[in-house]
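J.: Generate coordinates for the sequence data below:
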Amino acid sequence: MATSTTTPALGVILPRELPADLIVPFARRAEEVGLDELWVVEDLTFHGGIAQAATVLAATQRLTVGIGILPAATRAPSTAAMEAGTLAALHPGRLHLGLGHGMPAWMRQIGVWPASPLAMLEETTATVRALLHGERVSAAGRYVTVDDVALHAPPASPPPVLAGVRGPRSLEVSGRVADGTILDMPVTPEYLAVARAAIDAGRASAGDAAPPAHRVVAFSVGAVHDDVATAREIVRPYLAVLGEADWSAQIDPLPFAADFRALRDASATPDDFAAAMPDAWVDALAVVGSPGAFRARLGGLGAGGVSSVVLVATTADPARPDDPFSALDALAAVTRPAV
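T.: Presented below is the predicted three-dimensional model:
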């Protein structure tokens, strides 16, 4: 879909609860409707990130496939580099590898949450990226120890290694050692400005050691519908979680942050909170509206430095409330504008 330097690529997240036998049909349909990217997630107890990415890459022809993310604490850097390097060699130019902290509660649940998540992420990301670029690596860090390790056949086109992070210190780590940053929803202009400032600070602190370029991938929730009121109602349930503390980094920069928290505190349930949000908040926190309005919002994010916008697959057809494929059908109106 991307057509200019300010129009970001458009992608979709493979729903984590999608049955395994629908992964390939979903991916192929995403490619058919003209999407640029498909991102897989590795949430605890759902599908594995590498397995999903390998399957989608083999089943499609041109989609860029992102892994967003592999928790750093669950992977040895050498193994992660071997897996990503193999996929990149088999499918040159089509893989983006995301690493991150993982959700703290999930990482504690399986006993791998580190004492210093920042050190774990920085050491893992730097080592994985160096190995993918064909370097011979020796390191003795707090969490990563490798002794004279190099990939036997590093990929000719190393995949970008991105950090999926939220807060300022993690964003600075991303700027220092990663090829890009994956920002979780909601990515508003206010949060984007704060995030880019932290990323730039990290890049400046690394000097010449920073990767040569840095892309920004924005995860978002969106709904395409000619009636904007209907589009808002589609996305409201997905906004309920934003009142939780994990999303403070995204909410703090907003001009309505104080009112946002006051409404959450006054709401009996997250669903009540989402239902009571003013329309203006919904419009700020999600990408909603007609295909033309949708494209305009994407262009605004591109102008702010976003290279890819990746959407949660929301259904736009009330007659198909549990059908994730309906979201892909709706996005066809964005990727293939009427002439």
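
J.: show me where the protein has helices.
T.: 23-32, 49-59, 77-90, 104-109, 117-132, 168-177, 189-206, 228-239, 248-251, 257-266, 270-276, 279-285, 291-303, 325-335 (DSSP state H).

J.: Can I get those in CSV including distance to Pro155, mean pLDDT and mean neighbour count?
T.: To be clear about C-beta, it is placed using only N, CA and C from the backbone, and glycine gets the same treatment. Supplementary listing: these in CSV, determined by distance: least, C-beta to C-beta, whole Å; pLDDT from 0 to 100; neighbours: other C-beta atoms under 10 Å:
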stretch, distance to Pro155, mean pLDDT, mean neighbour count
helix 23-32, 22, 97, 18
helix 49-59, 13, 98, 20
helix 77-90, 4, 98, 21
helix 104-109, 29, 96, 13
helix 117-132, 7, 98, 24
helix 168-177, 19, 98, 23
helix 189-206, 24, 98, 18
helix 228-239, 36, 93, 19
helix 248-251, 33, 96, 20
helix 257-266, 43, 98, 14
helix 270-276, 43, 97, 16
helix 279-285, 38, 98, 17
helix 291-303, 28, 94, 18
helix 325-335, 29, 91, 21
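
J.: Tell me the strands beside the longest strand along the chain, with direction?
T.: Criterion DSSP state E: the longest strand present in the chain is strand 215-224. If you go by DSSP bridges, strand 215-224 pairs up with strand 180-183 (parallel), strand 287-289 (parallel), strand 308-312 (parallel).

J.: out of these, nearest to Trp113?
T.: Trp113 sits nearest to strand 180-183 of all those, at 19.8 Å, using C-beta to C-beta.

J.: Quick one: mean pLDDT for that closest one?
T.: Average pLDDT, strand 180-183: 98.

J.: Make a markdown table out of the strands paired with strand 215-224 and add mean neighbour count and distance to Val41.
T.: Conversion of the strands paired with strand 215-224 to a markdown table gives the following (neighbours: other C-beta atoms under 10 Å; distance: least, C-beta to C-beta, whole Å):
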| stretch | mean neighbour count | distance to Val41 |
| --- | --- | --- |
| strand 180-183 | 26 | 10 |
| strand 287-289 | 25 | 19 |
| strand 308-312 | 25 | 10 |
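
J.: shouldn't Asp279 be in contact with Val235?
T.: No - look at Asp279 against Val235 with C-beta atoms under 8 Å: they stay out of range, at 11.2 Å.

J.: Name the surrounding residues that touch stretch 47-54.
T.: 14, 16, 20, 23, 40-42, 65, 67, 69-70, 83-84, 87, 95 (C-beta atoms under 8 Å, 6 or more residues apart in numbering).

J.: Check the offset of that stretch from the chain's centre.
T.: Centroid separation for stretch 47-54 versus its chain: 15 Å, with C-alpha atoms, centre = their mean, to the nearest Å.

J.: Format the CA atom coordinates belonging to stretch 303-312 as PDB.
T.: What follows is stretch 303-312, C-alpha atoms only, in PDB (Å, rounded to 0.1, in the frame of the first residue of the first chain):
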ATOM      1  CA  ALA A 303       4.800  12.500   8.400                       C
ATOM      2  CA  GLY A 304       5.700  12.000  12.100                       C
ATOM      3  CA  GLY A 305       8.300   9.400  11.200                       C
ATOM      4  CA  VAL A 306       6.300   6.100  11.300                       C
ATOM      5  CA  SER A 307       7.500   3.700   8.700                       C
ATOM      6  CA  SER A 308       4.800   1.000   9.300                       C
ATOM      7  CA  VAL A 309       1.300   1.100  10.900                       C
ATOM      8  CA  VAL A 310       0.200  -2.400  12.000                       C
ATOM      9  CA  LEU A 311      -3.400  -2.800  13.000                       C
ATOM     10  CA  VAL A 312      -5.300  -5.100  15.300                       C
END
